[in-house]
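# Give me coordinates for this.
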Amino acid sequence: MEAATPTWPQDKLSALRLGRRLVAEVPAAPGRRAFVDITPILSQRDDLAEREGWQRPDAQRSFQLAHWDYNEQQLEGWDYDVDARQIRIDTATDESSLLRLVAEWQLTPAQFSYPWDTDDPR
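Okay, the predicted model is just below:
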């Protein structure tokens, strides 16, 4: 029997389709904290929708995944990027390739949260 492929919780999938970023904290070296974020790639149509006061859902979005490593002493305040390192970055062309990429990075959709529910400084 084959294991079920992980899927996005509906609220997180809706957030991604609306162009909202998601974040997962991942293991880091002592004195460091690391996060992987999924940033939906927005278009001019999203800019127009924002100017009109709404968010445009799009099930055909592309996404950027980025793994950042930070000095935990710098996370508070404006200088969070001092001594920060981008570990890895990649692009997914659609939702199914995003799921594959997340699995390739040894993560699951359940690990991702809204940025305001994490300590991610960005």
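# Return the helix or strand in the protein with minimum mean pLDDT.
One helix or strand of the chain scores below all others by mean pLDDT, DSSP states H and E: helix 44-51, with a mean of 91.
# I'd like the average pLDDT over the next helix-or-strand element following that one.
Next along the chain after helix 44-51, taking DSSP states H and E as the criterion, comes strand 63-71. Regarding strand 63-71, the rounded mean pLDDT is 97.
# and the least confident helix or strand of the chain, what other elements does it pack with?
For helix 44-51, there is no helix or strand it packs on, judged by 3 or more C-beta pairs under 8 Å, 6 or more residues apart in numbering; DSSP states H and E. Glycine gets a C-beta too; all of them are placed from N, C-alpha and C.
# Could I get the buried residue list for it?
By 16 or more other C-beta atoms under 10 Å, the buried positions in helix 44-51 come out as 46, 49.
# tell me the angle of the helix or strand containing I89 relative to strand 63-71?
Using DSSP H and E, the element containing I89 is strand 85-92. If you take axes from the mean of the first three to the mean of the last three C-alpha atoms, to 10 degrees, strand 85-92 sits at 170 degrees to strand 63-71.
# Give me the next element, helix or strand, following strand 85-92.
As assigned by DSSP H and E, the chain's next helix or strand after strand 85-92 is helix 95-104.
# Could you give the separation of that next one from the chain centroid?
Distance of helix 95-104 from the chain centroid (C-alpha atoms, centre = their mean, to the nearest Å) equals 12 Å.
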